[in-house]
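>>> Return atomic coordinates for the entry below.
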Amino acid sequence: MKNPSRIIPVALAAALLCPVALEAAKAERRDKKKQPAEQLPVAFAAADADGNGSVSKEEFLAALKEKLGEGGASSKFASLDKSADGKLTKEEYSGGETERKRRKKDK
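Numbers count the residues shown, from 1 in each chain. You can find the predicted model right below:
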């Protein structure tokens, strides 16, 4: 059997550090939840390839096709384009994030 005088301090240190690690993990998750809303203006600007202040369906598909697939990106665009004019304003673009938060809050 190993020397118990070494095991006890190691076990004690682990017991003391565990709550600290858990709190750090919680803080990191909270930070990640805040991140998407902060990234929306950056994502909008990146999707607005021609810089005209709106995101066309083609720009949206190009930006999100890899992440959502062409069908998923097309469907998402249709759900965000409330004015049905074939382009997304900043408000419409951020509507997906707002809608997601509202649904989560209602649950």
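>>> Report the secondary structure state of residue 84.
When classified by DSSP: H, G, I helix; E, B strand; the rest coil, residue 84 comes out as coil.
>>> How many residues are close by it?
Per other Cβ atoms under 10 Å, the neighbour tally for residue 84 reads 7. The way it works is simple: take the backbone N, C-alpha and C, and place the C-beta from them, glycine included.
>>> Can you give me every residue that contacts residue 60?
47, 73, 76-77, 88 (Cβ atoms under 8 Å, 6 or more residues apart in numbering).
>>> ok, now residue 67?
residue 73.
>>> which residues in the protein form strands?
In the chain, the strands defined using DSSP state E lie at 55-56, 87-88.
>>> Can you add mean pLDDT and distance to residue 67 and give those back as a markdown table?
Shown next, in a markdown table, are the strands of the chain (pLDDT from 0 to 100; distance: least, Cβ to Cβ, whole Å):
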| stretch | mean pLDDT | distance to residue 67 |
| --- | --- | --- |
| strand 55-56 | 94 | 15 |
| strand 87-88 | 93 | 16 |
